[in-house]
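> Predicted model, plus sequence, below.
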Number of protein chains: 2
Amino acid sequence: MVRENEVRRNEVMVKRASAEHADAQLEFIGVIHTPWTSRLECPRQGRADGPVCEIEIFEPWIPALAGIEKYARYEVLYWLHQSRRDLVLQSPANDGQVRGTFALRSPVRPNPIGTSIAELVSATGGILKVRGLDCLDGTPLVDLKPDRTIFVPIAPPQKGDFQTG
Amino acid sequence: MVRENEVRRNEVMVKRASAEHADAQLEFIGVIHTPWTSRLECPRQGRADGPVCEIEIFEPWIPALAGIEKYARYEVLYWLHQSRRDLVLQSPANDGQVRGTFALRSPVRPNPIGTSIAELVSATGGILKVRGLDCLDGTPLVDLKPDRTIFVPIAPPQKGDFQTG
């Protein structure tokens, strides 16, 4: 379940003891501005020719954008702040058919982190304009890194780089 | 800086007030077993013909693997537990040249979450065997979802799916 936090037929939830499970803490480093204000309107996945959205970076992280124009596409990680986190089996079509959370890209997950590939349109100060996002207006930003398919590591090679098996 | 948490020439760090910045909490949902026990040996990026590694899922999340065999590749999110989080400018080659953290895939990031694309080799109980990872043995697992390039949403279409701009 995704749309309104309802639990649907045959879906299964677990009891989360959140206090016990604060294994690591996230700092929101920015916020994403999109045209979508309801989960009933969001794209199910971003598209490269989708609307231009804005990623606003907060201080003290703005200087970490240095060199951002070097890559055409970025991997964007964001916190799906309206999602419940306790479902292990979900029914995306609400038809009684369920599937495990890890075999879905549903926003409902134990750690509700969404990932998209965004095309960089422009970067000015702490504001990036991008296409390809699928999240709600106001979604907190967690990370931003060059798309793996166009990034070549700058650090010197290490032993593991050459290991196959 | 990556290898031993040193700060290198021209790198810039910020002061993080972690207590203030606990904006969201992660639950570690499993652990990753790899051949690499030192950051000086890890691959800089995973490779599809790399060694077979194991992803061990913890309860209560094992039932969330139902249907995992449907996809050949998964996006894996993990917590880079040995990384510092305070650098805005980094020098991956340690040559005095620096670049912003968001223009790098360095493990050193405000929220040190690594992402890899892993080929699924087998799934038995709560253990997945995969290729394509690049992380240290013992790295905590944060999320697991089908590769976006092979996943087709099951939920009914929404207005945003059709929006271009």
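Structure received. Numbers count the residues shown, from 1 in each chain, chains lettered A, B, ... in the order given.
> ok, now which ones touch A:P60?
A:P60 sits next to B:14-15, B:88 when contact means CB atoms under 8 Å, 6 or more residues apart in numbering or on different chains. (Each C-beta comes from the backbone N, C-alpha and C, glycine too.)
> try 10 Å this time
A:29, B:12-16, B:86, B:88, B:110 (CB atoms under 10 Å, 6 or more residues apart in numbering or on different chains).
> show me where chain A has strands.
For chain A, applying DSSP state E gives strands covering A:12-13, A:24-26, A:30-33, A:53-57, A:73-79, A:87-90, A:99-100, A:113-124, A:127-131, A:139-146.
> could you give the angle of the longest one to strand B:113-124?
To tie it back to what came earlier, the one meant is strand A:113-124. For strand A:113-124 against strand B:113-124, the angle by axes from the mean of the first three to the mean of the last three CA atoms, to 10 degrees is 150 degrees.
> who does strand A:113-124 pair up with?
Strand A:113-124 has these partner strands in its sheet, going by DSSP bridges: strand A:73-79 (antiparallel), strand A:127-131 (antiparallel).
> from those, which stretch is densest packed?
strand A:73-79 (a mean of 23; mean count of other CB atoms under 10 Å in any protein chain shown).
> Hey, what's the angle from it to strand A:139-146? Just curious.
Using the same axes, to 10 degrees, strand A:73-79 lies at 150 degrees relative to strand A:139-146.
> dump the residue contacts of the closest residue to A:I32 other than its chain neighbours.
In this structure, A:I32 finds its nearest non-sequential neighbour in A:T139, 4.5 Å apart by CB to CB, 6 or more residues apart in numbering or on different chains. By CB under 10 Å, 6+ apart, A:T139 lies in contact with A:28, A:30-34, A:36, A:42, A:53, A:55, A:76, A:78-82, A:114, A:133.
> center of chain A - which residue?
Most central in chain A under CA atoms, centre = their mean is A:G114, positioned 2.2 Å from the mean C-alpha point.
> and that one, what pLDDT?
A:G114 is assigned a pLDDT of 98 by the prediction.
> Would you agree it is in contact with A:S83?
Yes - counting by CB atoms under 10 Å, A:G114 does reach A:S83; the two are 8.8 Å apart.
> Quickly list what's touching both of the two.
In terms of CB under 10 Å, 6+ apart, A:G114 and A:S83 are both contacted by the residues A:106-107.
> Go through the helices and strands of chain A and name the one with the lowest mean pLDDT.
Counting by mean pLDDT, DSSP states H and E, chain A has its least confident helix or strand at strand A:12-13, which shows a mean of 92.
> what sits up against it?
Contacts for strand A:12-13 (CB under 10 Å, 6+ apart): A:1, A:7, A:84-91, A:98, A:100-101, A:108, B:60, B:63-64, B:66.
> Give me the buried subset of those residues.
The neighbour-count test (16 or more other CB atoms under 10 Å in any protein chain shown) marks A:1, A:84-91, A:98, A:100-101, A:108, B:60, B:63-64, B:66 as buried among these.
> Now do the contacts for the closest residue to A:I150 other than its chain neighbours.
Leaving aside its chain neighbours, A:I150 sits nearest to A:Y71 (5.8 Å; criterion: CB to CB, 6+ apart). By CB under 10 Å, 6+ apart, the residues touching A:Y71 are A:120, A:145-147, A:150-151, B:102-103.
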